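Visitor: following is a predicted model, sequence given first.
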Amino acid sequence: MTLLGDTATTGGRKGEAGEILAIRGGRPLRGTVQVLGAKNLVTKAMVAALLGESPSTLRDVPEISDVAVVRSLLEVHGVRVDETERGTLVLDPSDVESAHFEEIDAHAGASRIPILFCGPLLHRLGQAFIPDLGGCRIGDRPIDFHLDALRKFGAVVEKLPSGIRLSAPRGLHGANIHLPYPSVGATEQVLLTAVRAEGITELRNAAIEPEIMDLIAVLQKMGAIISYEPNRVILIEGVPRLEGYDHRAIFDRNEAASWASAAIATDGEIFVAGARQQEMLTFLNVLRKIGADFDVREDGIMFRRGGDLRGVMVETDVHPGFMTDWQQPLIVALTQAEGRSVVHETVYENRFGFTGALVKMGADITVYPHGLQEGPRRVPRRSLEQAAVITGPTPLRAADITVPDLRGGYSHVIAALTAEGESTVRNIGIIRRGYADFLDKLTALGADFDVIG
């Protein structure tokens with residue numbers, strides 16, 4: 001297994017962040033792709049291994065750069081990580097130790113995962129160091145939810161010019177925590193901290209994404225006592241000791257939805273092996289509304305355009321709503337739909353930045369930076385929300401574009417594959433953060449491209 005970093009390779013192709021593709025579009029994508037473990041679960045389950053007193057085994061680990069970052073951070077802290085077979089990691093935390101701030105900073109890169117090391121490291125070592133956090137530039141992702149929760153557990157937080165130092169001079173204890181927003185990251189932080197905190201923790205307004213539930217399953221296998229109550233309430237009874245786990249990660253529904261959008265945009269047909277219906281119900285409902293076709297099978301889901309597409313109104317929201325990660329690839333498909341589509345983005349305030357490249361390619365998209373008031377809404381309006389109005393169908397033409405972030409970058413590739421002519425897509429390496437074997441999968445689907453940088 002090759003865990004990709006900034007200069008890693010896969011399938012004989014260069015994997016640098018600045019990699020450039022020349023894509024000749026206008027042909028349907030057809031074939032099969034396999035999705036493995038979800039990035040948003042695998043990286044968190046790797047962190048959870050820090051809490052165990054014995055080794056953990058994690059299966060269906062994808063070959064993505066975010067996994068490489070977390071592996072490096074674990075190894076810096078003394079965790080032994082072995083690949084026993086492709087997609088399977090054994091994580092042994094027997095020799096966990098403090099790491100120098102400079103080492104953590106060097107290995108963290110642009111990842112936001114280091115903040116989730118806080119609870120486990122406070123339990124194991126009594127202290128944690130967190131560098132400045134990076135990640136995709138899609139909006140303000142404050143870590144105040146994380147720090148406020150850690151303080152309630154008894155952590156002492158010291159902000160430094162280069163990052164944050166945390167300590168727990170009196171240990172960590174259970175707490176009553178009410179999140180102002182059902183943040184996935186903050187919910188993960190509470191879970192990873194509360195399982196070994198003394199006493200009972202009650203978390204209200206928790207995120208309940210499938211990846212959160214899978215993380216709860218991982219922690220329960222380790223010996224944690226966690227119950228999910230109605231109305232987004234999670235109760236955690238702290239235990240003094242946890243063991244390792246053996247777990248097969250939930251499939252990556254974000255990747256599955258991305259390939260579905262690629263099939264629809266290019267008028268192709270893609271079978272996504274490993275995708276499951278239950279975790280994608282909301283996405284599949286939207287596909288049905290726009291007139292796309294899908295076939296749920298025992299071992300995956302087949303996606304195709306199936307006929308003329310029609311406009312739709314979409315509101316992003318936390319689970320069980322329509323995921324913000326799904327809207328960017330879907331917008332490319334909506335450029336090929338008849339009539340007017342409206343996408344209300346209520347989770348991140350800067351997630352429509354990628355649409356500028358689509359407009360350059362001929363799409364008719366107008367972004368309203370303060371949202372739109374029109375029409376009945378299911379999701380409560382948020383002060384940060386934006387709206388994008390897509391009018392179609394519009395033929396896309398080739399262009400020279402640069403990848404801005406993970407999902408936006410994938411969307412640019414879909415647009416280039418849909419467009420007539422040869423496009424130049426720069427900074428492809430960002431896509432490797434969340435899509436395993438990306439170029440090999442494109443090749444298998446019949447995409448026509450060359451790596452030129």
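Guide: Alright, I've got the coordinates.
Visitor: now the nearest residue to residue 241 once chain neighbours are set aside: which helix or strand?
Guide: Once flanking residues are discounted, residue 241 sits nearest to residue 53: 6.0 Å by Cβ to Cβ, 6 or more residues apart in numbering. C-beta coordinates here come from the backbone N, C-alpha and C atoms, glycine included. Using DSSP states H and E, no element contains residue 53; it sits outside every helix and strand.
Visitor: where's residue 53 relative to residue 426, distance?
Guide: 47 Å (Cβ to Cβ, to the nearest Å).
Visitor: what about these two, which has more around it?
Guide: When residue 53 and residue 426 are compared for neighbours, residue 426 comes out ahead with 17 against 13, by other Cβ atoms under 10 Å.
Visitor: thought residue 404 was touching that one, still the case?
Guide: No: Residue 426 is beyond contact range of residue 404, at 10.4 Å (criterion: Cβ atoms under 8 Å).
Visitor: follow-up on the earlier one: check contacts around the residue nearest to residue 241.
Guide: By Cβ atoms under 8 Å, 6 or more residues apart in numbering, the residues touching residue 53 are 93, 241-244.
Visitor: now the two most distant members of those.
Guide: 93 and 241 (12.7 Å; Cβ to Cβ).
Visitor: the two: who's more crowded?
Guide: With neighbours defined as other Cβ under 10 Å, residue 93 and residue 241 compare such that residue 93 has more, 23 against 10.
Visitor: so the more buried one sits against residue 79, correct?
Guide: Yes: the pair residue 93 / residue 79 is scored as a contact, 5.0 Å apart, by Cβ under 8 Å.
Visitor: overlap in contacts, these two.
Guide: The contact lists of residue 93 and residue 79 share 49-50, where a contact means Cβ under 8 Å, 6+ apart.
Visitor: which residues of the stretch 201-350 of the chain fall in strands?
Guide: Taking DSSP state E, counting those that start in this stretch to define them, one finds strands in the stretch 201-350 of the chain at 225-229, 233-237, 246-248, 269-273, 293-297, 300-304, 313-315, 339-345.
Visitor: where does pLDDT dip in this protein?
Guide: Applying pLDDT under 70 to the chain flags the ranges 1-18, 101, 109-111, 132-142, 453.
Visitor: can you give me the helices in it?
Guide: Using DSSP state H, the helices of the chain run over 39-48, 65-76, 101-108, 118-125, 144-153, 184-194, 210-222, 253-265, 281-290, 324-334, 355-360, 406-418, 438-444.
Visitor: tell me the angle the fourth one makes with helix 39-48.
Guide: Right, the one you point to is helix 118-125. 20 degrees (axes from the mean of the first three to the mean of the last three Cα atoms, to 10 degrees).
Visitor: can you check the third one too?
Guide: Using the same axes, to 10 degrees, the inter-axis angle of helix 101-108 relative to helix 39-48 is 150 degrees.
Visitor: what does the second one give?
Guide: Relative orientation of helix 65-76 and helix 39-48, computed by the same axes, to 10 degrees: 10 degrees.
Visitor: so what's the gap between helix 65-76 and the chain middle?
Guide: Averaging C-alpha positions (Cα atoms, centre = their mean, to the nearest Å) puts helix 65-76 16 Å from its chain's average.
Visitor: ok, and the closest non-adjacent residue to the residue of the chain positioned farthest from its centre?
Guide: Distance from the C-alpha centroid of the chain, by Cα atoms, centre = their mean, peaks at residue 170 (34.5 Å). Nearest residue to residue 170, sequence neighbours excluded (Cβ to Cβ, 6+ apart): residue 154, at 5.8 Å.
Visitor: so how many other residues sit close to that neighbour?
Guide: By other Cβ under 10 Å, the residues close to residue 154 number 19.
Visitor: torsion angles phi and psi at it?
Guide: phi 110, psi 10 (degrees, to the nearest 10).
Visitor: got it, and residue 298?
Guide: Main-chain torsions, residue 298, degrees, to the nearest 10: phi -60, psi -30.
Visitor: what is the neighbour count of it?
Guide: Residues lying near residue 298 (other Cβ under 10 Å) number 5.
Visitor: do residue 341 as well
Guide: As a burial measure, residue 341 scores 24 neighbours (other Cβ under 10 Å).
Visitor: that one against residue 392, yeah?
Guide: Yes: using Cβ under 8 Å as the test, residue 341 is close enough to residue 392 to be in contact (7.4 Å).
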